[in-house]
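Student: Provide a 3D model corresponding to the input given below.
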Amino acid sequence: MTVAATNGRVPTQPQVGPSRYAVSLVIPTYNEAGNVTELIAQLDRAIPSDLPSDIVFMDDSTDDTPLVLAEAARRCRLPVSVRHRKERIGGLGGAVAEGLRAATSPWIVVMDADLQHPPSLVPELIAAGDRAGADLVIATRYASGGSRDGLGRSYRMLASVFCTLLAKVAFWRELRGVSDPMSGFFAVRAGSLDVEVLRPLGYKILLELIVRCRPNHIAEIPYHFQERYAGTSKSGLREGWRFLCHLTILRFSSARARALAFGVIGLSGFVPNLATLWLLWKLFGMHYLPAEILANQVAIGWNFLLIDTLLFRDRRRRHWSIRFGKFLLLANADLIGRIPLLAVLVAYAGMNVLLATAITLVVSFTVRFIVTDRLIYLPRPRSRGGDSVPKNLP
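Tutor: Numbering: from 1, shown residues only. Okay, the predicted model is just below:
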């Protein structure tokens, strides 16, 4: 059963060079020594000889997974290579992005190493893509005939459903007709990819790929999400937080959207600013000008925390102290310009202190956003690939 979806764009032809293989399997690994031997064995049995394929493991492990992979590869008829990354940039999603960049086949299949994604489905993904003329084929747990039983505990199921709904609300246009944007098991036509636009964070690379690469035609096939073969799940509260940060970054990736988010965060800073001003001015009897200077420092800390954690998380190239120092300098330079305006509005225009403060904050917004966007948070550099060590040559 195949469920298809399109985003209304005109299909493009793959632009890939000649390859010895029809399919490249990209598999990220992080301490999966107990799984990879069985995974390679099942892939060896599942992929027919008339579907020439190679396997690329993108490894971030700190255990002996690379050694186990090397031993298992010797018994596999398929060519296997292992790229051990020196820096775990972007988490598992970053590993997949580097694997996508390294692959040379017309089709690329991405799957996990824990055998929750059945290797027997790989040929079916490619066949479904060829039949439908799709750029992307997603193995889905949520379409009719699929199952998410392998999630096990109820809280993991609830978290999966919640994240899926959140993503579909945030990107309702892009994900129209996509039932499982959180899937880690999919096949993508290499010619539809622009890997350089990917900025993954955490392990949800499919959502990143759909939103940034905009594949022309998407197909889905249902599957049963299986129990882990060995080991324990890497998902948890930390990965959940990274997903929320990633979702926010994706949603506000354009300059216009970032400006909107910057404005909303700045607007939220009115609350600590005005509350602190009221406390110092009304309760403690401080003159409104020094009270506003202190209140502004509280708002600066609030705004920096939200902007640094959510809006520009993927562009934090410098140490936090340098980022905060520049942000503090900018905000206080802005304050130097706002204080005379505030004095004029209060002393000469007879305006209320709180209203005058709010007006000066609005006036400063545009300059602060441009400087923050272009000078404090620099564009993220392209990720660097790991060392490629061939483990099995035909």
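
Student: Pairing partners for E220 in the sheet, please.
Tutor: Taking DSSP bridges as the rule, E220 bridges to V3, I138.

Student: Hmm, it is touching A143, no?
Tutor: Yes. Using Cβ atoms under 8 Å, E220 makes contact with A143 at a distance of 5.5 Å. In short, each C-beta sits where N, CA and C put it, glycine included.

Student: What number of residues are in the vicinity of S144?
Tutor: S144: 9 surrounding residues under other Cβ atoms under 10 Å.

Student: Let me fix that, I meant to ask about T232.
Tutor: 9.

Student: did I read that right, it in a strand?
Tutor: No. Judged by DSSP: H, G, I helix; E, B strand; the rest coil, T232 forms no part of a strand; its state is coil.

Student: Who has more neighbours out of E220 and A143?
Tutor: The neighbour comparison of E220 against A143 (other Cβ under 10 Å) goes to E220, with 27 against 18.

Student: how much space between the more buried one and Y142?
Tutor: As judged by Cβ to Cβ, to the nearest Å, E220 and Y142 stand 9 Å apart.

Student: who touches both of the two?
Tutor: Counting by Cβ atoms under 8 Å, 6 or more residues apart in numbering, the contacts common to E220 and Y142 are S179, D180.

Student: Give the rounded mean pLDDT of the helix ranked longest in the chain.
Tutor: Taking DSSP state H as the criterion, the chain has its longest helix at helix 320-347. What helix 320-347 shows for mean pLDDT is 80.

Student: Just the buried residues of it, please?
Tutor: Across helix 320-347, burial judged by 16 or more other Cβ atoms under 10 Å covers 323-324, 326-327, 330-331, 334-335, 338-339, 342, 345-346.

Student: Buried residues of the helix or strand just after it, list them for me.
Tutor: Tracing the chain past helix 320-347, the next element assigned as helix or strand by DSSP states H and E is helix 353-363. By 16+ other Cβ under 10 Å, the buried positions in helix 353-363 come out as V353, A356, T357, T360, L361.

Student: Model confidence score at the closest residue to R189 other than its chain neighbours, please.
Tutor: Nearest residue to R189, sequence neighbours excluded (Cβ to Cβ, 6 or more residues apart in numbering): D135, at 4.6 Å. You'll see D135 listed with a pLDDT of 95.

Student: do A261 as well
Tutor: A261 is assigned a predicted lDDT (pLDDT) of 70.

Student: Same question for S179.
Tutor: pLDDT, S179: 92.

Student: Surely it and T140 touch.
Tutor: Yes. Shown here, S179 and T140 form a contact pair, counting by Cβ under 8 Å, at 4.9 Å.

Student: who's more crowded, these two?
Tutor: Counting neighbours by other Cβ under 10 Å for S179 and for T140 shows that T140 has the greater number, 25 against 19.

Student: Apart from its neighbours in sequence, what residue is nearest that one?
Tutor: Here the residue nearest T140, using Cβ to Cβ, 6+ apart, is D180, at 3.8 Å.

Student: check contacts around the one you found.
Tutor: The contact partners of D180, taken as Cβ under 8 Å, 6+ apart, are I138, A139, T140, R141, Y142, A143, G146, T164, E220.

Student: if I look at the residue in the chain sticking out farthest from the centre, how far off is R338?
Tutor: The centre of the chain is farthest from one residue, Y348, which by Cα atoms, centre = their mean lies 50.7 Å away. To R338, Y348 is 16 Å away according to Cβ to Cβ.

Student: do the same with T276
Tutor: According to Cβ to Cβ, T276 stands 15 Å off from R338.

Student: Over to S321?
Tutor: Taking Cβ to Cβ, one finds S321 at 25 Å from R338.

Student: next one: K86
Tutor: Applying Cβ to Cβ, the value for K86 to R338 is 46 Å.
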